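# give me the fold of what follows.
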Amino acid sequence: MTSTLARRLDALADWRRALDRSVEQFSAFLVDHELRDSSAAAQIDALRQRLASDRLVLAFVAEFSRGKSELINAIFFADAGRRVMPATPGRTTMCPVELAWDPDQPPGVSLLPIDTRLRAVSLADLRDRLDLWKRIELPVLEAAQLAEALAEVKRTTHVSLDEARQLGFWNDEHPEDNPPQAADGTVEVPAWRHALINYPHPLLKRGLVVIDTPGLNAIGAEPELTLGLLPSAHATVFILGADTGVTKSDLEIWRDHLDGRALERFVVLNKIDTLADPLSSREEVERQVAKQCEVVAQTLAIDGARVFPLSARDALAARVAGNDAALQASRLPMLEEALSAQLMPQRSAVVGRIAVDGMEALRQHATRRLNDQRRQLAEQLLELRGLRGKSGSKVKLMLERTQADAAEFERCTVRLTALKAVHARQLKQVMQLLSSDRVRDEVALMRKTSDASWFKLGARKAFVGLCERLRATMTQATQKVGEIEQMVQGTFKQLNAEYGFALAVPPVPSMERYERELTLIESSYTKYLGAANAWRLSEPGFLDQFMRMLVSKLRVVFENAAGDIEMWSRSNAAQMESQLRDRRKGFKRRREALERIQGAAGELERRIAEVQAQDERLTLWITRVDELTAALRAVAATPPSIGDSADRAPHLSLVRAKPSLSAAPVEAASGSA
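Numbers count the residues shown, from 1 in each chain. Below is the predicted model of the structure:
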């Protein structure tokens, strides 16, 4: 039995592939008609990369023994015919685990040893240090061996008390959160800091990423999980036990890490099967479940419609047995329907807007080049028609004038070279503002201010100051880009008037997206820097780890912003180069045409007919560009739904068919079972 969520994920993936095919068809058209320059190629590659790398991230958050792994098994892996993720009584998942699929890598589990917390390297940077990860191959065709291999994520190890302190698992000021100490004085801690599971499940192949957290202690000890992975999730499923309700540790996780995330939050009241009582009627048990849901909603201050009572164990058993009635009784389909109803429209709206905006930029680029070529043809046609009935000496004069015009036109290269030099100098200033070095310097200043405060209580104030400086830096960069835009617009206007170009400055990339990301980072980190976590900031090495994570997150935001601006700058340069090349070709064709007319009596009318035919072809190409753009808009405007055909894109007979480019691997958000 395939779940509603699974079918809608399939529909979303098919819809995304249809958008990619439309972009690929447009790219093929540009190649066939010599319209794909370096700027268009970069835009197309970036757009297809974003479509291919789109991920739907589900984070499962709970204290241990709430049934996270069983719920993941029931939703995603029942087709295996057994439990895939370890789900036994007690603690199972001991470290954050990320379930995803990278087709460029073989199936396997990559495990990062817990002692890497002592290194001065962030988790994001350690992803590329393959030598530090232990890798286990996954026998995907053998269910029992597969489950045995995945059980490695629950392995623990014993370390000394000092090591436990350094790793962040022991705090003398808060003994209630410490793990039990063995008779020999050692402390049991997770063997692994992080786990990456590369598994070829159909849903993971379609861009799903599953995150699972191993409980409050691990959430608090690993800031990269709290501040990087959870905020990046598109939906958070918070799991409680129906028999326990909201415990103190549950409430701490909710308030410290999940509170305020509105529509993305779903609360699961798992293990309702434990409330069954042979001495109570079905109606009494139902009232007890409803009462628990009401209390949970009130305690967490959320809408009761977002609390879902269910039994993950019964749902898994029902799916394995193919028992639809038992599956409905488990109530899991209601959660899946809610996830689908909330997530699919959100993701399709975001992806559709990305595709439409990208295609519109490409349409404008192609149309601008084609219209410029038409204008050059119109000039040639006017010139050629003026030669009708003229003597050979007149043709010779026209040839000399064409050569003189070409020589005069070449003078524009000096202006273009000067524009490029000024443009490059101004762009360098913007890149310096958005550079990783600038981010590191600002964070270092925050660190210096934090260290100067007693017990790190000034960390919150220092962080607020950091965010204000970074926003000011982003604003300054935006202003400088605006100055570049004004300078380029003025120069383009002069070049268009003096040399007949059709140069137009493309829209400047908006920085609103990155400003929102800064706001999200500020919101997450400010909560983490509250008085409740001041003791953690004072632990040896913890602030270093925190700062590395902060630099890593901010660097991504600023590097992406710099990348958008750099691509915009390249599009300006590529536009100048392409139009310069087109104009030179135009002068060459005019000169060759006049030379042929000078030597052949009937050449004039043939040349006029050729130019008219070329203009008709260009008109047809402009129409085709609009049709290709409209085809993608039509796909983007039709939200994916269950039952949709994968072949959404209309067949375009004038477009050369090409095989789809393979999706480039991307770094998925982190998670586990």
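# give me the low-pLDDT residue ranges for the stretch 501-650 of the chain?
Counting by pLDDT under 70, the ranges of the stretch 501-650 of the chain that qualify are 527-543, 545, 596-602, 642-650.
# make it 90
501-557, 559-560, 563-564, 566-612, 636-650 (pLDDT under 90).
# determine how far the last residue of stretch 145-157 lies from the first.
One end of stretch 145-157 sits 23 Å from the other (CA to CA, to the nearest Å).
# tell me the contacts of residue 310?
For residue 310, the contact set (CB atoms under 8 Å, 6 or more residues apart in numbering) comprises 268, 269, 270, 272, 330, 331, 332, 334, 335. Any C-beta I mention is one placed from the backbone N, CA and C, and that applies to glycine too.
# switch to 7 Å and redo it
268, 270, 272, 330, 331, 332, 335 (CB atoms under 7 Å, 6 or more residues apart in numbering).
# so for it, what's the pLDDT?
Looking at residue 310, its pLDDT is 94.
# in helices only, show me the contacts of residue 310.
Judged by DSSP state H, helices contain the following of these: 330, 332, 335.
# quick one: residues contacting the first one.
Read it as residue 330. Listed by CB under 7 Å, 6+ apart, the contact set of residue 330 reads 310, 311, 314, 315, 318.
# what's the helix or strand for residue 360?
For residue 360, the host element (DSSP states H and E) is helix 332-385.
# for the record, mean pLDDT for that helix?
Helix 332-385 shows a mean pLDDT of 85.
# could I get the full set of helices for the stretch 101-250 of the chain?
Counting by DSSP state H, counting those that start in this stretch, residue ranges of the helices within the stretch 101-250 of the chain are 123-126, 143-150, 161-167, 202-205, 216-221, 223-224, 230-232, 248-253.
# next one: the stretch 451-600 of the chain
Taking DSSP H, counting those that start in this stretch as the criterion, the stretch 451-600 of the chain carries its helices at 459-499, 512-528, 534-537, 542-599.
# I'd like those helices laid out as a markdown table, including mean neighbour count and distance to residue 166.
Listed next are those as a markdown table, based on neighbours: other CB atoms under 10 Å; distance: least, CB to CB, whole Å:
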| stretch | mean neighbour count | distance to residue 166 |
| --- | --- | --- |
| helix 459-499 | 17 | 20 |
| helix 512-528 | 17 | 20 |
| helix 534-537 | 18 | 13 |
| helix 542-599 | 19 | 9 |
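# residue 105: which of the ones you listed is closest?
With CB to CB, the closest approach to residue 105 among the helices of the stretch 451-600 of the chain belongs to helix 542-599: 22.0 Å.
# which of the contacts of residue 330 lies closest to residue 205?
Among the contacts of residue 330, and counting by CB to CB, the member closest to residue 205 is residue 315, at 22.7 Å.
# I'd assumed residue 326 was in contact with that closest one.
No. With contact defined as CB atoms under 7 Å, residue 315 does not reach residue 326; the gap is 8.3 Å.
# neighbour count winner among those two?
Shown here are residue 315 and residue 326; by other CB atoms under 10 Å, residue 315 has more neighbours (29 against 15).
# just to revisit the earlier point, which of the contacts of residue 330 lies closest to residue 585?
Nearest member of those to residue 585, counting by CB to CB, is residue 315, at 66.3 Å.
# measure that closest one to residue 334 for me?
Using CB to CB, to the nearest Å, residue 315 is found at 11 Å from residue 334.
# returning to what we had before: dump the helices of the stretch 451-600 of the chain into a markdown table; add distance to residue 414 as well.
Shown next, in a markdown table, are the helices of the stretch 451-600 of the chain (distance: least, CB to CB, whole Å):
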| stretch | distance to residue 414 |
| --- | --- |
| helix 459-499 | 11 |
| helix 512-528 | 37 |
| helix 534-537 | 59 |
| helix 542-599 | 12 |
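# which one of those helices lies closest to residue 180?
That would be helix 534-537 among the helices of the stretch 451-600 of the chain, by CB to CB, at 20.6 Å.
# tabulate the ones in helices among the contacts of residue 310 in CSV, adding columns for distance to residue 140.
Written out in CSV, the entries for the ones in helices among the contacts of residue 310 read as follows (distance: CB to CB, whole Å):
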residue, distance to residue 140
330, 27
332, 24
335, 27
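# for these, which one is nearest residue 501?
Using CB to CB, the ones in helices among the contacts of residue 310 come closest to residue 501 at residue 335, 58.7 Å.
# report how many residues lie close to that closest one.
25.
# separation between it and residue 492?
55 Å.
# with residue 403 instead?
Noted for residue 403: a distance of 26 Å to residue 492, by CB to CB.
# try residue 565
On the measure of CB to CB, residue 565 and residue 492 end up 18 Å apart.
# cool, and residue 97?
53 Å.
# and for residue 328?
Going from residue 328 to residue 492 by CB to CB gives 64 Å.
# include distance to residue 147 when you put the contacts of residue 310 into a markdown table, please.
Below are the contacts of residue 310 laid out as a markdown table (distance: CB to CB, whole Å):
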| residue | distance to residue 147 |
| --- | --- |
| 268 | 23 |
| 270 | 21 |
| 272 | 25 |
| 330 | 21 |
| 331 | 26 |
| 332 | 21 |
| 335 | 24 |
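# which of these lies closest to residue 179?
The closest of those to residue 179 turns out to be residue 270 (CB to CB; 24.0 Å).
# residue contacts, the closest one?
By CB under 7 Å, 6+ apart, residue 270 lies in contact with 66, 67, 71, 239, 240, 241, 242, 310, 312.
# can you pull the pLDDT of the residue nearest to the fourth one when sequence neighbours are not counted?
Going back to what we said before, that points to residue 239. In this structure, residue 239 finds its nearest non-sequential neighbour in residue 62, 3.8 Å apart by CB to CB, 6 or more residues apart in numbering. On pLDDT, residue 62 comes in at 85.
# phi first, then psi, for residue 62.
phi -180, psi 160 (degrees, to the nearest 10).
# quick check on the closest residue in space to residue 157 that isn't next to it in sequence: phi, psi?
Nearest residue to residue 157, sequence neighbours excluded (CB to CB, 6+ apart): residue 191, at 4.4 Å. The phi/psi pair for residue 191 (degrees, to the nearest 10) reads phi -80, psi -20.
# isn't residue 191 up against residue 154?
No. Taking contacts as CB under 7 Å, residue 191 lies outside contact range of residue 154: 9.0 Å.
# neighbour count for those two, which is higher?
When neighbours are counted by other CB under 10 Å, residue 191 and residue 154 differ, and residue 154 comes out ahead with 23 against 20.
# ranges for the strands of the stretch 1-150 of the chain?
For the stretch 1-150 of the chain, the strands defined by DSSP state E, counting those that start in this stretch cover 56-61, 97-100, 108-113, 134-137.
# residue contacts, the closest residue to residue 334 other than its chain neighbours?
In this structure, residue 334 finds its nearest non-sequential neighbour in residue 308, 5.9 Å apart by CB to CB, 6+ apart. Residues counted as contacts of residue 308 (CB under 7 Å, 6+ apart) are 266, 267, 268, 269, 331, 334, 335, 338.
# closest to residue 247 out of those?
Nearest to residue 247, judged by CB to CB, of the contacts of residue 308 is residue 269 at 12.7 Å.
# what's the pLDDT at that closest one?
In this model, residue 269 carries a pLDDT of 94.
# same thing with residue 98?
Predicted confidence (pLDDT) for residue 98: 87.
# what pairs with it across the strands?
Beta bridges link residue 98 to residue 196, residue 211 when assigned by DSSP bridges.
# okay but it is in contact with residue 212, surely?
No. Counting by CB under 7 Å, residue 212 is not a contact partner of residue 98; they are 8.6 Å apart.
# with neighbour numbers in mind, choose between these two.
More crowded of residue 98 and residue 212, by other CB under 10 Å: residue 212, with 29 against 24.
# gap between that one and residue 150?
For residue 212, the distance to residue 150 (CB to CB) stands at 12 Å.
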